[in-house]
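1. sequence plus predicted model, see below.
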Amino acid sequence: MKTFAIIPAGGKGVRSGSATPKQYLKFKGKELIVYTLETFQKNRLVNKIVVSADPSYFNLLEKLKSKYHITKLEQIVEGGKERQDSVHNGLLSIKAKKDDRVIVHDAARALLPAEVLTNSIKMAKNKGNALVCIKAGDTLLKGKSTVNYYIDRKDIYYVQTPQIFKYADLMKAMEKAYSEGFYGTDESMLVKRINKKIHIAEGSPLNFKITSKSDMEFFRKLI
């Protein structure tokens, strides 16, 4: 059984306010995506890495692969219009068996703790899938300029990545979504639609998605 990691990195980085997509911005002299790739490179349970990206960044990715010795990065494929399309392109590019595991992880979650990745892979191998989340710790409410009502946070989670599924399940979920014209915000939403029970794995506050200028500043301070 092999474990493939698909890293969708085709985003334009509009919310970061930069002309360069955030995943290619340098932090302490190293591109953001390299921090992410190194975590998967170092993990012994990960066999191969695929990055879905804008073709204009293919050459840069090849240079980064060589410079930082990301030997598990075997394929760089064209990203799609939406995240779902980028993941689908990655899925189509791998030669996986139905029970092989596929990890999907955001390129901009660059501080994924090694133990979170390892534990989620082990859960997926034991239970069929794993969805990394963190439990809501703040008071939650519904409203606009004023409070409408408060939400019980007891069973509320913030969804992160990695998200790990059997290759056959994720491909089936993708095919169903496309046949129905459905686009989800993540892969777990698609797999849930084929009536699979999704298992929650423990995440980490460090595993935040770097999206805005304030996220980038926080990341700089952390590293």
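-> On my side now, so go ahead. Numbers count the residues shown, from 1 in each chain.
2. next, name the residue at the spatial heart of this structure.
-> Centroid-nearest residue in the chain, with C-alpha atoms, centre = their mean: residue 105, separated by 1.9 Å.
3. now do the contacts for that residue.
-> Residue 105 makes contacts with 5, 6, 7, 36, 40, 112, 161, 162, 163, as judged by C-beta atoms under 8 Å, 6 or more residues apart in numbering. (Glycine included, C-beta is placed from N, CA and C.)
4. filter these down to the ones in helices?
-> Mapping these onto helices (DSSP state H) picks out 36, 40.
5. can I get the contacts of residue 105 in TSV with neighbour count?
-> Below are the contacts of residue 105 laid out as TSV (neighbours: other C-beta atoms under 10 Å):
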residue	neighbour count
5	30
6	28
7	28
36	25
40	24
112	25
161	25
162	29
163	29
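6. just send the contacts of residue 105 back as a markdown table, with pLDDT too.
-> Formatted as a markdown table, the contacts of residue 105 follow (pLDDT from 0 to 100):
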| residue | pLDDT |
| --- | --- |
| 5 | 98 |
| 6 | 98 |
| 7 | 98 |
| 36 | 98 |
| 40 | 98 |
| 112 | 98 |
| 161 | 98 |
| 162 | 98 |
| 163 | 98 |
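7. from the contacts of residue 105, which is closest to residue 129?
-> Comparing the contacts of residue 105 against residue 129 with C-beta to C-beta places residue 163 closest, at 7.8 Å.
8. that closest one touches residue 124, doesn't it?
-> No: in this structure residue 163 lies outside contact range of residue 124 using C-beta atoms under 8 Å: 9.1 Å.
9. shared neighbours of the two, which are they?
-> residue 130.
10. quick one: strands adjacent to whichever strand in the chain runs longest?
-> In the chain, with assignment by DSSP state E, the single longest strand is strand 157-166. Paired neighbours of strand 157-166 in the sheet (DSSP bridges): strand 101-104 (antiparallel), strand 129-135 (antiparallel).
11. so what's the residue nearest to residue 3 when sequence neighbours are not counted up against?
-> Excluding its sequence neighbours, the residue lying closest to residue 3 (C-beta to C-beta, 6 or more residues apart in numbering) is residue 101, at 4.5 Å. By C-beta under 8 Å, 6+ apart, residue 101 lies in contact with 1, 2, 3, 4, 121, 124, 125, 164, 165, 166, 167.
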